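# could you look at this predicted model? Sequence included:
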Amino acid sequence: MKFHNWPDILASAPSFQKGLYPPSGSDTNYYLLKSALSAAISKEPFDFVLISGDYLRHRFAHAFNGAVGPQSDLSAFATKTAVFVVETIQRAFSVPV
């Protein structure tokens, strides 16, 4: 699966540009994801990474419909998003996720 410029698109968000973490109790934004990965990588070495959290934001379908529209694209976009998250983590740690 190709993600074209997802990292560039996400890094262009105002929250990323300003270095803003999401409010407490909110879903992770790209800035927090990159910051958490950077902090975790500094504790290496690792044999593998186990993710016990969510790969998609809460109320993903609601947010998708509000931003994009047709429900018919939801499943494909959810899959691409989950794979993007896993691949981002896997690239950061260079171990299986």
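That came through fine.
# so how far is Gly69 from the residue nearest the centre of the chain?
With distances taken as CA atoms, centre = their mean, the residue of the chain nearest its centroid is Val85 (4.4 Å). For Val85, the distance to Gly69 (CB to CB, to the nearest Å) stands at 22 Å. Placement of C-beta: from N, CA and C, glycine included.
# my read is that the residue nearest to the centre of the chain contacts Arg57, right?
No. Val85 is not in contact with Arg57 according to CB atoms under 8 Å; the separation is 10.2 Å.
# could you show me where the helices are in the chain, in order?
Taking DSSP state H, the helices of the chain run over residues 6-11, 14-17, 30-41, 60-67, 74-93.
# what are the buried residues along the fourth one?
Put plainly, it is helix 60-67. Buried residues in helix 60-67, counted by 16 or more other CB atoms under 10 Å: 60, 64.
# for that helix, what is the average pLDDT?
Across helix 60-67, pLDDT averages out at 86.
# summarise which helices and strands it is packed against.
Contact here means 3 or more CB pairs under 8 Å, 6 or more residues apart in numbering; DSSP states H and E; on that basis helix 60-67 packs against helix 74-93.
# and the helix or strand of the chain with the lowest mean pLDDT, how far out from the chain's middle?
Lowest by mean pLDDT, DSSP states H and E among the helices and strands of the chain is helix 60-67, with a mean of 86. Relative to its chain's centre, helix 60-67 lies at 16 Å (CA atoms, centre = their mean, to the nearest Å).
# run through who's touching it.
57, 71, 73-74, 77-78, 81 (CB atoms under 8 Å, 6 or more residues apart in numbering).
# change it to 10 Å
27, 54, 56-57, 59, 70-71, 73-75, 77-78, 81-82 (CB atoms under 10 Å, 6 or more residues apart in numbering).
# where does this structure have low pLDDT?
Residues of the chain meeting the criterion pLDDT under 70: 1-3, 70.
# again, only this time at 80
1-4, 53, 68-72 (pLDDT under 80).
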